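> Fold the following, please.
(chains A and B)
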Amino acid sequence: MAVPAAATTRLLLPTARPTTERYIDFLGRSQVNTTPSNNNTRPHKLAATLITAMSFSGFLSVSAGAQDIFTTRDFRADRERWTNPAYFRNNSADEMFNMDRTPVDGLEGQGQVGAQDLASPYPYSSAWEHYQVLLEEAEGGTHHTRESIPDWRGRFDGGGDRLNGGQNPASSVVPMLTPEYQEYFVQEMKALADKRSWGANAFCLPGGFMTAVRDAEEFIATPERVWILSAGNNRNYIRWIYTDNSGHSAENYQYPKWHGESIGFWNDDELIVHTNQIRGWKGGLTEFTDNLETVERYRRVGDTIEGEITFYDGEVYVQPVYSKLAYELDTDPRPELRPLYNSCTDTNGPSTKVFMDERGILNERLPGDPLYWDANGSAPVGHLSQYQR
Amino acid sequence: MTEFTFRNPHVFLFVDVENETGEVVNYWVEMGTIPGMIRRGVGAKTFQSGDAISVNMYPLTDGRPGGSYHTIVAADGKTYN
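I've put the predicted structure just below:
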């Protein structure tokens, strides 16, 4: 659902931006619930107040100072400012992704330059070289038995929330990218500034490799294989990591896959993973190509699975990029919060209920709107046949 | 409230609202995911058709009668956010 900009004035931009709870929205994005504290951003009480609020359709945009991502009419002409935090009003990429949920346009962000290092600390030029060095350091890897395999049981909260640059302002992402992908990145930031977001899951498309890493919840370790699972709203992710020394598929049988192909080994209590054949998609710092390869390292420390991932894709990144990972154990034992399987078509339907409207904003059809159909209705096939006649 | 749909990907409320001209309009209020709403204390029977509830929400930008909830005060006075 498009979140309104119209019901607010834009003269007094609040700086307070409290967040409360993470969840996965219908776009399949990891979200925080934004509860604006400024009076300017309060939602509107239904009944009479709502009608009044919706009449604030005047666009009183603030354009004080230099052109930025919220005010520019041609972001490509601003290339020299893309590395300036002010161009993004100090918003991180994550904050930009949440713009469509804030009723005020152009909020100042809380980005911190240098909050995390986006460049890989490793000297390697390829993921395979990186992986081989770690394998050598582990002297071929630790061969665990069922008795010695690390105990990673438990359900964890997805811990890859720094993959898109963390608390760095969006401007810090730009220097990490090649000119072509800088433009793709800023183009998406501009769309987000205009509240035009796009999420793969809204169209029943997979979230792809980055989402599977970001939202991992369970790590099932056996001597021969590790499964990484995530199950919830609009997401049913599984990764298979072969630790049985069987290697990758022969080159003739390699092709891009949503989650790629992963092999790994143990170095004592640490799992090291090499993934190739990843299907190009979006996620992490920006879009990526079929040539992306990664090296991941995971270790359980108390109630946390700590990890890191290094990305190698020379078409996208000017140097290998890097992110730390931290998956915290979910200690809420309630049965009603167990993982669950969802087909994307629950409610949403295959791209019929969620659609890109004429404004370029992802929108939803409501009951009563033309072409609305209820995938959970008593006779969904009957609904479909209405449109086929 | 006319209908409460407790299902994924998002939970929905439908509420009849009388506008300034006295016309009753049915509003579509989108909430969060089922797991997310459970963590906030909302279950399948928290709201019942016929309940008088109060909804704070972000209205749709295109003027249709719907929006994304912010807080809901249930018939028993309990607030959910």
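> Averaging pLDDT per element, find the lowest-scoring helix or strand in the chain.
I'll assume chain A. Least confident element among the helices and strands of chain A, by mean pLDDT, DSSP states H and E: helix A:48-54 (a mean of 35).
> ah, no, chain B please
None of the helices or strands of chain B scores lower by mean pLDDT, DSSP H and E than helix B:34-39, at a mean of 88.
> which other helices and strands contact that one?
strand A:19-24 (3 or more C-beta pairs under 8 Å, 6 or more residues apart in numbering or on different chains; DSSP states H and E). C-beta coordinates here come from the backbone N, C-alpha and C atoms, glycine included.
> how about a cut-off of 10 Å?
Applying 3 or more C-beta pairs under 10 Å, 6 or more residues apart in numbering or on different chains; DSSP states H and E, we find helix B:34-39 packed against strand A:19-24, strand A:225-232.
> Just the pLDDT for residue 46.
Picking chain A for this. Looking at residue A:46, its pLDDT is 48.
> um, chain B though
With respect to pLDDT, residue B:46 scores 95.
> what helices or strands is the next helix or strand after the least confident helix or strand of chain B leaning on?
Using DSSP states H and E, the helix or strand that follows helix B:34-39 in sequence is strand B:54-59. For strand B:54-59, the elements it packs on are strand A:44-45, helix A:48-54, strand B:12-18, strand B:24-30, strand B:66-73, judged by 3+ C-beta pairs under 10 Å, 6+ apart.
> Can you give the strand pairings for strand B:54-59, parallel or anti for each?
Partners of strand B:54-59 in the sheet, by DSSP bridges, are strand A:44-45 (antiparallel), strand B:66-73 (antiparallel).
> That strand: which residues count as buried?
Residues of strand B:54-59 classed as buried: B:55-59 (neighbour count, 16 or more other C-beta atoms under 10 Å in any protein chain shown).
> Those residues into TSV, with extra columns for pLDDT?
Output for those, formatted as TSV (pLDDT from 0 to 100):
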residue	pLDDT
B:55	96
B:56	95
B:57	93
B:58	89
B:59	89
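> Give me the helices and strands touching the longest helix along chain A, please.
Longest helix in chain A, counting residues (DSSP state H): helix A:179-193. Helix A:179-193 sits against helix A:93-97, strand A:286-287, with contacts defined as 3+ C-beta pairs under 10 Å, 6+ apart.
> most neighbours per residue, which of those?
helix A:93-97 (a mean of 24; mean count of other C-beta atoms under 10 Å in any protein chain shown).
> Using PDB, list the CA coordinates for the next helix or strand after that one.
Following helix A:93-97 in sequence order, the next helix or strand is helix A:127-137 (DSSP H and E). Once non-C-alpha atoms are left out, helix A:127-137 reads as follows in PDB (Å, rounded to 0.1, in the frame of the first residue of the first chain):
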ATOM      1  CA  ALA A 127      36.100 -15.600  -3.800                       C
ATOM      2  CA  TRP A 128      37.700 -18.800  -4.800                       C
ATOM      3  CA  GLU A 129      41.200 -17.600  -3.900                       C
ATOM      4  CA  HIS A 130      39.800 -16.300  -0.600                       C
ATOM      5  CA  TYR A 131      38.100 -19.700   0.100                       C
ATOM      6  CA  GLN A 132      41.200 -21.700  -0.800                       C
ATOM      7  CA  VAL A 133      43.400 -19.600   1.500                       C
ATOM      8  CA  LEU A 134      41.000 -20.300   4.400                       C
ATOM      9  CA  LEU A 135      40.900 -24.000   3.500                       C
ATOM     10  CA  GLU A 136      44.700 -24.100   3.600                       C
ATOM     11  CA  GLU A 137      44.700 -22.300   7.000                       C
END
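> Please state the mean pLDDT value computed over helix A:127-137.
Here the average pLDDT along helix A:127-137 is 98.
> how about it: buried residues?
Under the neighbour-count criterion of 16+ other C-beta under 10 Å, helix A:127-137 has A:127, A:130-131, A:134-135 buried.
> what does it rub up against?
Applying C-beta atoms under 10 Å, 6 or more residues apart in numbering or on different chains, the contact partners of helix A:127-137 are A:120, A:122-124, A:126, A:141, A:248, A:263-265, A:267, A:270, A:272-276, A:292-297, A:310-313, A:320.
> Centre of the chain to that helix, how far?
Distance of helix A:127-137 from the chain centroid (C-alpha atoms, centre = their mean, to the nearest Å) equals 27 Å.
> same deal with stretch A:173-189?
Distance, centroid of stretch A:173-189 to centroid of chain: 16 Å (C-alpha atoms, centre = their mean).
> show me the residues around residue A:192 that make contact.
Shown in contact with residue A:192 (C-beta under 10 Å, 6+ apart): A:69-70, A:88, A:91, A:93, A:95-100, A:170, A:198.
> doesn't residue B:69 make contact with residue B:31?
Yes - using C-beta atoms under 10 Å, residue B:31 makes contact with residue B:69 at a distance of 5.0 Å.
> Give me the common contacts of the two.
B:10-13, B:37, B:55, B:57, B:80.
> where among the helices and strands packed on helix B:34-39 is the average confidence lowest?
Averaging pLDDT over each of those puts strand A:19-24 lowest, since it has a mean of 40.
> Show me where the chain dips below the pLDDT cut-off.
Chain wasn't specified; assuming chain A. Applying pLDDT under 70 to chain A picks out residues A:1-65, A:232-234, A:343-352, A:374-389.
> how does it look with 50?
A:1-42, A:44, A:46-64, A:348, A:379-389 (pLDDT under 50).
> residues near residue B:76, how many?
8 (other C-beta atoms under 10 Å in any protein chain shown).
> ok, now how distant is it from residue B:37?
17 Å (C-beta to C-beta, to the nearest Å).
> and if you look at residue A:111?
Residue A:111 is 31 Å from residue B:37, where distance means C-beta to C-beta.
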